[in-house]
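Visitor: dropping a prediction and its sequence here:
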Amino acid sequence: MVQPQSWEQRAEEFSMYGFTDLPSVHERGTVVVTHGEGPYIVDTNDKRYLDANSGLWNMVAGFDHAGLADAAKAQYDRFPGYHAFFGRMSDQTVMLSEKLVEVSPFERGKVFYTNSGSEANDTMVKMLWFLWGAEGQPQRRKILTRKNAYHGVTAVSASMTGKPYNEVFGLPMDGFIHLTCPHYWREGRDGESEEEFTARLAQELEDVIAREGADTIAGFFAEPVMGAGGVIPPSKGYFQAVQKVLKKHNIPLISDEVICGFGRTGNTWGCQTYDFMPDAIISSKNLTAGYFPMGAVILGPELSDRLSAAAEAIEEFPHGFTASGHPVGCAIALKAIDVVMNEGLAENVKSLAPRMEAGLRGIMERSKNIGELRGVGYMWALEACLDPATKTPFDSKLSVSERIANTCTDMGLICRPLGQSIVLCPPFILTEEQMDEMFTKLEAALNKVF
Ligand code: PLP
């Protein structure tokens, strides 16, 4: 076999790309990354990029945090890997569960580990099916989510995800129902106030429950701020209105905090930023600051009691992954929680979020083709529009956001195109100076594309 020569050729020859615009890759090649420095990544040509995408939302402490690498090394030296089953569990797993319940909004609860956010959502669905079945309501299997939501890629979590691209897989499976996305700017009707919009969505939920029958619904899943849907904060009062309906029908509310958890919105949890108390939390990504693949279901008091009772009744909860509660992942997560909460990272997000918003608002106001700025904490999106006044989107094969992101990449800034929007979700360590670099490069790219 003739070996391809460059890194780019080798990447394309042997790798199946996921979530990648293939024409862009064929035309531009692949950025092959060798290492990172703080919030920067460096490629095989020694080019540095400020990664305003935090890897994939997760590298919140940057790419070379010595304390996290040390925690991993120490645990690999001590005890490199184990599961959390058959009456055995590593000490690190015990300590992490204790810590997660302590930092959760719950007064008590229980934790179950997975390798990813998708698996954590799948696990939560199976937990709901398991406990409703054990409680004599096996018909309670339908899952409610929202259009534009992102909950993962496994068959179940992809069915929960409300993105049209899942149609190519013949998904969603039956029994996954997607409600209106709570994006007031895009979904609100002419003359409808934000409060009226929220009330309409709560009524839609009532209507869907009436149509399907409350006794067929297992649970409702929602991201506090939709991430991969394009950074969509909820409309005013959304979670309060929705939870009122859910409570009336005894339907659990699960907060998918894979992105929002551990500081992204400016508080430890997104549900705290939007002032609601879920029945369980799904965590991943920031849980280990991206230094280990790991997910967790954190059950609040009621669900942990009900699930524990269901498990006791058959003497087992028959579910888990080989690496559930991996001790190295747990040691890293313990360190990551400490780093985010006690090394000023969470504080940095809280204190610099208004500066980030102001800088991006300035960019929006100086651009003729940005229709909306939305976000909170360190997660923001600028929506590109052909005509912002009428909210008319661009119509092009290669989306305008893809062109903006490609131009940013050329300039040494990584940001994510999502639909017609450009998403900026930098690591929590981003300084004021680095934020200014992000603004400068982004604005230069916008000026070049528009
Ligand atoms: N839930 C949310 C809110 C996410 O943003 C993601 C991933 O981006 C997932 C779940 C899936 O997590 P993973 O990619 O680790 O499977």
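Guide: Arrived safely, thanks for sending.
Visitor: how about the protein: which residue is closest to the ligand?
Guide: Taking CB to the nearest ligand atom as the measure, the chain has G117 as its residue closest to the ligand, at 2.4 Å. C-beta: built from backbone N, CA, C; applies to glycine.
Visitor: what's the spacing between that residue and T216?
Guide: Per CB to CB, to the nearest Å, G117 is found 26 Å from T216.
Visitor: repeat that for A71.
Guide: For A71, the distance to T216 (CB to CB) stands at 45 Å.
Visitor: close to the ligand: what parts of this structure are there?
Guide: Applying CB under 6 Å from any ligand atom, we find that the chain lies next to the ligand at 116-118, 121, 150-152, 223, 227-228, 256, 258-259, 284.
Visitor: the helix or strand R361 falls within packs against which elements?
Guide: For R361, the host element (DSSP states H and E) is helix 345-366. If you count contacts as 3 or more CB pairs under 8 Å, 6 or more residues apart in numbering; DSSP states H and E, helix 345-366 packs onto strand 370-376, strand 379-384, helix 432-449.
Visitor: angle of whichever helix or strand comes after the second one against strand 379-384?
Guide: Using DSSP H and E, the next helix or strand after strand 379-384 towards the C-terminus is helix 400-411. In this structure, helix 400-411 runs at an angle of 120 degrees to strand 379-384, with axes from the mean of the first three to the mean of the last three CA atoms, to 10 degrees as the basis.
Visitor: show residues contacting helix 400-411.
Guide: Residues outside helix 400-411 that contact it (CB atoms under 8 Å, 6 or more residues apart in numbering): 21, 24, 28, 31, 49, 369, 384, 394, 414-422, 441-442, 444-446, 448-449.
Visitor: for that helix, buried residues please.
Guide: Using 16 or more other CB atoms under 10 Å as the burial criterion, the residues of helix 400-411 that qualify are 400-409, 411.
Visitor: re earlier: surely the residue of the chain closest to the ligand meets G152?
Guide: Yes - in this structure, G117 is within contact of G152 by CB atoms under 8 Å, at 5.6 Å.
Visitor: higher neighbour count, the two?
Guide: Neighbour totals were compared for G117 and G152, and G117 leads with 30 against 24 (other CB atoms under 10 Å).
Visitor: got a list of what the more buried one touches?
Guide: Contacts of G117 by CB under 8 Å, 6+ apart are 151-152, 157, 256, 258, 282-285, 295.
Visitor: repeat that for V349.
Guide: 263-264, 266, 377-378, 428 are the contacts of V349 under CB under 8 Å, 6+ apart.
Visitor: Q137: which of the residues you listed is nearest?
Guide: For those, the minimum distance to Q137 (CB to CB) is 35.1 Å, reached by R264.
Visitor: thinking again about what came up before, if you count what's nearby, which of A71 and T216 comes out ahead?
Guide: A71 (25 against 14).
Visitor: how about that one, nearest residue that isn't a chain neighbour?
Guide: Leaving aside its chain neighbours, A71 sits nearest to K335 (3.8 Å; criterion: CB to CB, 6 or more residues apart in numbering).
Visitor: now for the one you found: which residues touch it?
Guide: Contact partners of K335, counting by CB under 8 Å, 6+ apart, are 67-68, 71.
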